[in-house]
Every structure is written in C-alpha cells, then in structure tokens.
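Novice: Requesting a structural model of the entry that follows:
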Amino acid sequence: MSFQAYLDNIEEKTGKTPNDFIAMAKEKGFDNPKTKAGDIIAWLKEDYGLGRGHAMAIVHVIKNGAEIGDKHVGSDGVHRDESNVLKLDGKKK
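Specialist: Numbering: from 1, shown residues only. Sure, this is the predicted structure:
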C-alpha cells in the first residue's frame, strides 16, 4: 500500500484529512520536535482507533510535512507512490 493510500484510508475511517490531524496535533502541542511518536500514536489509537501503521503515517506528516523519500516513487511495487509530495488536504481536493 502506498503512503498516500494509507492517508486516504485514514480519511475514510475518521473523516479527517492529514491537515486536520496536523492542526489537532498542533493544538495538543504534539508538533513539538521533542514529542515522542508513542505519545502521538497513543492519542490516535485512543481517539480515532488507528492502528500503529496508520498512526505512524500521521506521525510522519505531523513531524515532516508532505514530503516523502523517492524510494518508491515511480516504482511498480506495492508501496509505490505517484509523487514524493503527499496530498494532505484530503482525497477530494
């Protein structure tokens, strides 16, 4: 599953876009670089029922923004992404 597909599945499950999660994380102070991934994962599990893999995708965008590595961009594997920049404003935009 591509990174973008993870984010799209999270939106389908929760009704929240990655940008929504970034804004909520900022309100909770989770955008602090010293915040541990485990704290964010616990919040996402408790409030949104996300498993570890999906929560880690949100952790990535909270801590690193939309850019991902080029490793799978343009590949033909199951983890391929179309771009190294993720869409954070939701599937419909």
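Novice: center of this structure, which residue is that?
Specialist: Centroid check for the chain by CA atoms, centre = their mean gives I58 as the closest residue, at 2.7 Å.
Novice: which SS class is that one?
Specialist: Counting by DSSP: H, G, I helix; E, B strand; the rest coil, the backbone at I58 sits in helix.
Novice: Which pLDDT value goes with it?
Specialist: If you check I58, the pLDDT there is 96.
Novice: again with H72
Specialist: According to the per-residue confidence, H72 scores 64 in pLDDT.
Novice: cool, and I68?
Specialist: Per-residue confidence at I68 stands at 86 (pLDDT).
Novice: Next, count neighbours for D39.
Specialist: D39 is flanked by 14 other residues according to other CB atoms under 10 Å. Quick note: C-beta positions are derived from backbone N, CA and C, even for glycine.
Novice: Excluding chain neighbours, what is closest to G29?
Specialist: The shortest distance from G29 to any residue other than its chain neighbours is 7.1 Å, reached at T35 (CB to CB, 6 or more residues apart in numbering).
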